[in-house]
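*Asks:* Model the structure of this input:
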Amino acid sequence: MVFNSFLARSNKFQKRVPRINLHSPFERGKWATARRYLQWRMMRLTRATMHVLGAGKWLDPRGFEARYERVCIANLPAPFHGLKLAHLSDFHCGAYMSESAALRVLERAWEDEPDLVALTGDFVEYHPEEIRQIIEPLKQMPAPPLGIYAVLGNHDYMMGKDEAIVQALREANVRCLRNESIRLEKDGQGIWLTGVEDHWRGTIDFHAALSSITTNEPRILLCHTPDVIGHARDHGYALMLSGHTHGGQWVLPMLGPAKIYSLNGKDFIGGSVQVGPTRLHVSRGIGMATLPLRINCPPEFTILTLCRD
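*Replies:* As a prediction, this is how the structure comes out:
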């Protein structure tokens, strides 16, 4: 598969990756807002038309894959050795994601009995009410021992009602981390889990996120956008989990990704790369945006097993 050539480069990116300007580059204004709204309405119309024709289920993501990786972390406390972390991203609930499709993905991910679940944003395509398509399935899942944590993606801010999405996640016992860190504890030892806002629509504040970290225990960062990897490296994170890129969504034979949603290039749009002390894992996500089609880039979730270095 063409996509496999982009995965697991362990030594290539020891060179310096720049720290991006955290000021959001998101396009604002009445025309941009109107264009996104019209695009969303066209997607909904497509769904409605397919439903009338009896083919609505074909717009759901199909053929998702489970990826398994081991992540070795220096000074990982012994109780966390072997911890299984399920990483899911970019559901894009709405026109191309039904509640039944979301439930199938979650049930499959939960078969691996993860200790911890991380959700890295873009729960909805546009409208905050679309998140119900993932909330109801999440409520049916048993609680992992260390919980379910999330960050928001750029689409979750589209209508300026990101707090409604955070509240909905709370109903499903998902804690949304917004420029904050928490300590996860096992047998008196711990690791730190940080979540920061999205680069495109939110306001990332590492000062606030780091202010509560009081020990030298390993750190894991959740951020929707992988381009923040330079900051993760410089702030000493052992592991960073992101989404946003969809793996390119269209990976064309011989040509590669049709569009690269990373300032750092195609090697940062899916799989794992090592940047200094930080392992970056980018999920190609579950859902789709704009067009209901993936080429050589099936949806995925990942089970990461932590081990002592």
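
*Asks:* mind listing what the residue most central in space within the chain touches?
*Replies:* For the chain, Thr120 is the residue whose C-alpha lies nearest the centre (C-alpha atoms, centre = their mean; 2.8 Å). By C-beta atoms under 8 Å, 6 or more residues apart in numbering, the residues touching Thr120 are 87-90, 150-151, 153, 222-224, 241-244, 283. Quick note: C-beta positions are derived from backbone N, CA and C, even for glycine.

*Asks:* same deal with Val196?
*Replies:* Residues near Val196 by C-beta under 8 Å, 6+ apart: 151, 177-179, 202, 204-206, 209, 221-223, 228.

*Asks:* separation between it and Asp115?
*Replies:* Spatial separation of Val196 from Asp115 under the definition C-beta to C-beta, to the nearest Å is 23 Å.

*Asks:* Isn't Tyr126 up against Met158?
*Replies:* Yes. Here Tyr126 reaches Met158: they are 5.0 Å apart, a contact under C-beta atoms under 8 Å.

*Asks:* before we move on, back to that, closest to Ala102 out of the contacts of Thr120?
*Replies:* Out of the contacts of Thr120, the one with the shortest distance to Ala102 is Leu88. That distance is 9.8 Å, counting by C-beta to C-beta.

*Asks:* Quick check: beta-bridge partners of the closest residue in space to that closest one that isn't next to it in sequence?
*Replies:* Among residues not flanking Leu88 along the chain, Phe301 sits closest, at 4.6 Å (C-beta to C-beta, 6 or more residues apart in numbering). Partner residues in beta bridges with Phe301: Ala66, with DSSP bridges as the criterion.

*Asks:* Okay, and Asp240 sits in which element?
*Replies:* For residue 240 the amino acid is Met, not Asp. Following DSSP states H and E, one finds Met240 within strand 239-242.

*Asks:* Report the backbone C-alpha coordinates of that strand in PDB.
*Replies:* The C-alpha atoms that make up strand 239-242 are tabulated as PDB, following Å, rounded to 0.1, in the frame of the first residue of the first chain:
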ATOM      1  CA  LEU A 239       4.900  11.000  23.200                       C
ATOM      2  CA  MET A 240       2.500  13.300  21.200                       C
ATOM      3  CA  LEU A 241      -0.800  12.100  19.600                       C
ATOM      4  CA  SER A 242      -2.400  14.000  16.800                       C
END
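
*Asks:* From the contact counts, what lies against that strand?
*Replies:* Contacts defined by 3 or more C-beta pairs under 8 Å, 6 or more residues apart in numbering; DSSP states H and E place strand 239-242 against strand 219-222, helix 229-234, strand 278-282.

*Asks:* Show residues contacting it.
*Replies:* Among residues not part of strand 239-242, those counted as contacts by C-beta under 8 Å, 6+ apart are 71, 73, 87, 89, 118, 120, 218-226, 228-229, 232, 278-283, 304, 306.

*Asks:* ok, now with 7 Å
*Replies:* Strand 239-242 has contacts (C-beta atoms under 7 Å, 6 or more residues apart in numbering) with 71, 73, 87, 118, 120, 220-226, 229, 232, 278-282.

*Asks:* Mind listing the strands that strand pairs with, and their directions?
*Replies:* Each strand that strand 239-242 pairs with, and the sense of that pairing, follows from DSSP bridges: strand 219-222 (parallel), strand 278-282 (parallel).

*Asks:* after that strand, next one along is what?
*Replies:* Along the chain past strand 239-242, the next helix or strand (assigned with DSSP H and E) turns out to be strand 251-252.

*Asks:* tell me what that following strand is packed against?
*Replies:* With contacts taken as 3 or more C-beta pairs under 7 Å, 6 or more residues apart in numbering; DSSP states H and E, strand 251-252 sits against no other helix or strand.

*Asks:* so what strands line up beside it?
*Replies:* strand 256-257 (antiparallel).
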